[in-house]
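In: Next come a sequence and a model predicted from it.
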Amino acid sequence: MVNQEIAEIFDQMSRALAFKGKDRFRALAYERAAGSLRGLDRDVIGLAREKKLKEIPGVGHDLSEMIEEYIKTGHIRRCEREMRAVPGALIEMMDIPGLGPKTLGLLHEKFRIKNVDDLRRLIEKGSLAGLRGFGDKKIENLRRGIELYQSSKQRRRLGMVLPLAEKLVDEARKMKLVERADLAGSIRRGLETVGDIDLLISSRKAEEALREFIKLPAIKRVTALGGTRASVLIEGNLQVDVRAVPKESYGAALQYFTGSKQHSVHLRTIAQKRGLKINEYGVFRGDKRIGGENEEDTYSALGIKMPPPELREDRGEIEAATEGDLPKLIEEGDLRGDLHTHTTWSDGRSSLEEMVEAAAKLGLEYIAITDHSPSARIANGLDIDRLERKIEEVESLRKKRGRRNPRVLMGAEVDILSNGKLDYPDEVLARLDVVVASLHGAFRQNKDRMTGRLLDAIANPYVHIIGHPTTRLLGSREPVEFDFERVVEAAAEAGVALEVNGSPSRLDLNDVMARAASEAGAPLAIDSDAHSAAQLEQTRYGVIQARRGWVEARLVVNTWSWPRISRWLRRRRKAT
DNA sequence: GCCGTTTTCGGCCCGACTGTTTTCAGTCG
C-alpha cells in the first residue's frame, strides 16, 4: 500500500535528520507524519485526489506536496537528496540498543564506519578505548547491543509473546511486595508484533520489589536496575522492562507506559492547554495532584473518557473520547461461533470430533468445519468423493451429539482459482452450510486480476466469507495487491463477510483494514483458522486486532445468535 | 516541518537510568 511506502520514507527521513543532528523538531515532524500514515484507514491516493492530504495530522504544506510527488512519480526528490548523504546501513544501526544518533554520528565522523561489521571490528580491535566518552562499560554495552540486535532484530508475534507476558504478570502478582501488576506498552495495545514486554507494578517498596522480581526463574539476564525500573531478558532474548511506582501513581503510570507515544504526546498537549501537567506520576494542577491513582481518573482529570488500550494510537480516539463518542468495541465474550476451522480431513491435526469437543468446552454455539478444497494439494484438500464422505461423518456426529452445543456446520475453505472461479462447482457449494473463499496461490497476478478474483468470489451466491483477504504472513509474505476499497464496497453490497483471521501469523485483515471495512459497513467474521483443537483460542488475537480497528460486535457475523446467523447463511440461496 | 480561542512566529513532552562525568550528555520509552 502506498501509505506504508510513504510512511517508510518519512521514517527513514526522520532518522537521517536525527543522525545529522541539526533540527530534531524537523525529524519529529517526519516521524509524526509517518505514524499518521500508518494508521490511516484511507488510501492517500484518494485523499490526494480530493485535495484532503492536509487533513492528515502532521501533514502540512511541504509533506502533502511530497506525498503528491510520490503518487505521481514513485519518488520524493527532496527526501532522496537528504538521505543520500547518510549511508542506509547507518540509519538501520540506530536500532542497536544503546546506539543513538549522537554516538553513531561521532563514530561515523571519526572512523568512517558504514555498517554493523565496521563497528564490530572497531570494538574488537580496541580502537574505541580511550576515546572521550567511551569507558569500558559503554564499549561492552555496545558489543552486547550488537549481539542483541542481530539475534532479535525481528519483532515477535503477539501470539507468541502474550502468553509469556501473562505468565510474568501472574508471577509478579504473587509477590508479597507487589500490590498491583499489569502489562503496558504495545503488548497491552495489542499490536500484531511486539519488540519487548512492558510490565508495571505498584509497591510501597519499589526498589526491593524490583530486586525480588529479577530473581524470578524466567529471567535470564539483567541489563539495567534502578530504584523504579529494571530491564531484563527472558527466553529468546526477549526484553522485559519493569517499572515500579507507588499506588497513588499507578493509573498515571499505566497510561503513560501503555502509550502509544503519539497518544501520550497528544494527551500532554491537551493537559498543557488546560493548564495541567501530566506525567507518569499523575495529573497535576500546579503542585496539586488531581488524578492518577487509576487510569480512568487520569483521563477524567483531563476531561475525557478513557479509550480502551487498543485504540490508543492517536488515530482519532482522543477526539472521540473528548466528545464522549468512543465506539463500544467487540469483546472476546461476544463471539458465539467459529466459522473457519480445519481437521485431519485436510491439514488439521485434530479430528472432527476433537475439534467439536474443544469448541464445546469453549462454550461455542456453532462451529463450521471448513477443510481445504482439492487444489490445495499440500494441504490434503478434499476432492468431491472425500467431501461426500466427510458430509456423512458430520451428519453422524450431529446425530450422536443430539442437541448439545455447538451446532456443527458443514463447510469448506474453497480456493479462489487464478481465473476467479471457485474450486468446487456451484452444485457442490450448495450442499455446504458455510463457504469460506480464500486465495491460496497465484499471488503475483497484477492488481486488476487480483481484484477481479476477489470480486468474482464475492459475487458467487454460495460464498459467505472471504478468508484471510490479503494472504499476508507476518514476517514472511507480503499482502497481495488488490483494490481494497472496491472489494470492501462489493462485500458490503453483497453482505459477504471479510475475515479477520485470528492466526497469529496472519491477523488478516489487519487493524487498519478492519476499520475501513467496518466503516464501509462490510460484515466481518473473526475466525480462528484453527488447525488443531488448541488453536480454536486464536480467535482471541482476531478480536484484539478487530478492537484495534474500532470494530463493534454488531458487524461481526459470528457474534450473532444462531437464528440470525442461520438466516444470513441462507439468505442468498433462497433466490437460486 | 507543523501548528495556532493565549501565538502566523516561536514554540514543539517528560522523566529515569547509565556511564562517564565533577555537573551532564545520550538513550530510551
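Out: Cool, the structure landed. Keep in mind that this is a model prediction, so the values were computed, not measured.
In: Name the residue closest to the centre of chain A, please.
Out: residue A:192 (2.5 Å; C-alpha atoms, centre = their mean).
In: Which residues are in contact with the closest residue to that residue other than its chain neighbours?
Out: Of all residues not flanking residue A:192 in the chain, residue A:507 sits nearest, at 4.9 Å (C-beta to C-beta, 6 or more residues apart in numbering). (Glycine included, C-beta is placed from N, CA and C.) Neighbour list for residue A:507: A:158, A:192, A:474, A:500, A:501, A:541, A:542, A:545 [criterion: C-beta atoms under 8 Å, 6 or more residues apart in numbering].
In: how does it look with 7 Å?
Out: A:192, A:474, A:501, A:541, A:545 (C-beta atoms under 7 Å, 6 or more residues apart in numbering).
In: Got the confidence number for the residue nearest to the fourth one when sequence neighbours are not counted?
Out: If I follow you right, that is residue A:541. Spatially, and ignoring its direct neighbours in sequence, residue A:541 is nearest to residue A:502 (4.8 Å; C-beta to C-beta, 6+ apart). Residue A:502 carries a pLDDT score of 97 in this model.
In: Now do residue A:502 against residue A:552, distance only.
Out: 18 Å (C-beta to C-beta, to the nearest Å).
In: Equivalent analysis for residue A:444, please.
Out: From residue A:444 to residue A:552 the distance is 36 Å (C-beta to C-beta).
In: Between residue A:502 and residue A:552, which is the more surrounded one?
Out: Set residue A:502 next to residue A:552 and count neighbours by other C-beta atoms under 10 Å: residue A:502 wins out with 29 against 16.
In: Quick check: phi and psi at that one.
Out: phi -80, psi -10 (degrees, to the nearest 10).
In: just residue A:422 next, same as before
Out: Here residue A:422 shows phi and psi, under degrees, to the nearest 10, equal to phi -90, psi 160.
In: what about the residue in chain A that DNA strand B sits nearest to, how many neighbours?
Out: Taking C-beta to the nearest atom of the strand, DNA strand B has its nearest neighbour within chain A at residue A:135, 1.9 Å off. Counted with other C-beta under 10 Å, residues neighbouring residue A:135 total 13.
In: List phi and psi for it.
Out: phi -90, psi 180.
In: do the one 5 residues further on as well
Out: Reported as degrees, to the nearest 10, the phi and psi values for residue A:140 are phi -60, psi -40.
In: What of residue A:465?
Out: phi -140, psi 140.
In: before we move on, what about the one 4 residues further on?
Out: Main-chain dihedrals, residue A:469, degrees, to the nearest 10: phi -50, psi -40.
In: what's the answer for residue A:377, then?
Out: Dihedral angles (degrees, to the nearest 10) for residue A:377: phi -70, psi -50.
In: now do residue A:196
Out: phi -150, psi 170.
In: who's in contact with it?
Out: A:238, A:239, A:240, A:241.
In: And for residue A:450?
Out: Counted by C-beta under 7 Å, 6+ apart, residue A:450 has contacts A:480, A:481, A:482.
In: Kindly give the local confidence score, pLDDT, for it.
Out: 94.
In: host element of it?
Out: If you go by DSSP states H and E, residue A:450 is part of helix A:447-459.
In: Determine the next helix or strand in the C-terminal direction from that helix.
Out: Taking DSSP H and E, what comes next after helix A:447-459 is strand A:465-466.
In: What strands flank that following strand, and is each parallel or antiparallel?
Out: When pairing is defined by DSSP bridges, strand A:465-466 lines up against strand A:434-438 (parallel), strand A:497-501 (parallel).
In: How far does the last one sit from its chain's centre?
Out: Distance of strand A:497-501 from the chain centroid (C-alpha atoms, centre = their mean, to the nearest Å) equals 15 Å.
In: What residues does the residue nearest to residue A:541 make contact with?
Out: A:526, A:527, A:528, A:529, A:538, A:539, A:540, A:541, A:542.
In: can you give me the helices in the stretch 101-250 of chain A?
Out: Assignment of helices within the stretch 101-250 of chain A using DSSP state H, counting those that start in this stretch yields the ranges A:101-111, A:116-124, A:136-151, A:158-174, A:185-189, A:206-213, A:250-258.
In: could I get the ones you listed as JSON lines with mean pLDDT?
Out: Formatted as JSON lines, the helices of the stretch 101-250 of chain A follow (pLDDT from 0 to 100):
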{"stretch": "helix A:101-111", "mean pLDDT": "86"}
{"stretch": "helix A:116-124", "mean pLDDT": "87"}
{"stretch": "helix A:136-151", "mean pLDDT": "84"}
{"stretch": "helix A:158-174", "mean pLDDT": "94"}
{"stretch": "helix A:185-189", "mean pLDDT": "95"}
{"stretch": "helix A:206-213", "mean pLDDT": "92"}
{"stretch": "helix A:250-258", "mean pLDDT": "94"}
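In: Reformat these into JSON lines and put mean neighbour count next to each item.
Out: Below are these laid out as JSON lines (neighbours: other C-beta atoms under 10 Å):
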{"stretch": "helix A:101-111", "mean neighbour count": "16"}
{"stretch": "helix A:116-124", "mean neighbour count": "16"}
{"stretch": "helix A:136-151", "mean neighbour count": "15"}
{"stretch": "helix A:158-174", "mean neighbour count": "17"}
{"stretch": "helix A:185-189", "mean neighbour count": "23"}
{"stretch": "helix A:206-213", "mean neighbour count": "19"}
{"stretch": "helix A:250-258", "mean neighbour count": "25"}
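In: between these, which one is nearest to residue A:51?
Out: Across the helices of the stretch 101-250 of chain A, residue A:51 has its closest neighbour in helix A:185-189 (32.5 Å, C-beta to C-beta).
In: Can you list the helices and strands that the closest one packs against?
Out: helix A:158-174, strand A:196-202, helix A:250-258 (3 or more C-beta pairs under 7 Å, 6 or more residues apart in numbering; DSSP states H and E).
In: How about that helix and DNA strand B, touching?
Out: Yes: contact of helix A:185-189 with DNA strand B (C-beta under 7 Å from any atom of the strand) involves residue A:185.
In: was I right about residue A:56 contacting residue A:34?
Out: No: contact criterion C-beta atoms under 7 Å: residue A:56 and residue A:34 do not qualify, at 10.9 Å.
In: Which one's more surrounded, these two?
Out: residue A:34 (23 against 20).
In: Now do that one, the pLDDT please.
Out: Reported pLDDT for residue A:34: 89.
In: what about it, helix or strand, and which?
Out: helix A:24-39.
In: which helices and strands sit right next to the very next helix or strand once past that helix?
Out: Once helix A:24-39 ends, the next helix or strand along the chain (criterion: DSSP H and E) is helix A:44-49. Helix A:44-49 sits against helix A:2-20, helix A:61-73, with contacts defined as 3+ C-beta pairs under 7 Å, 6+ apart.
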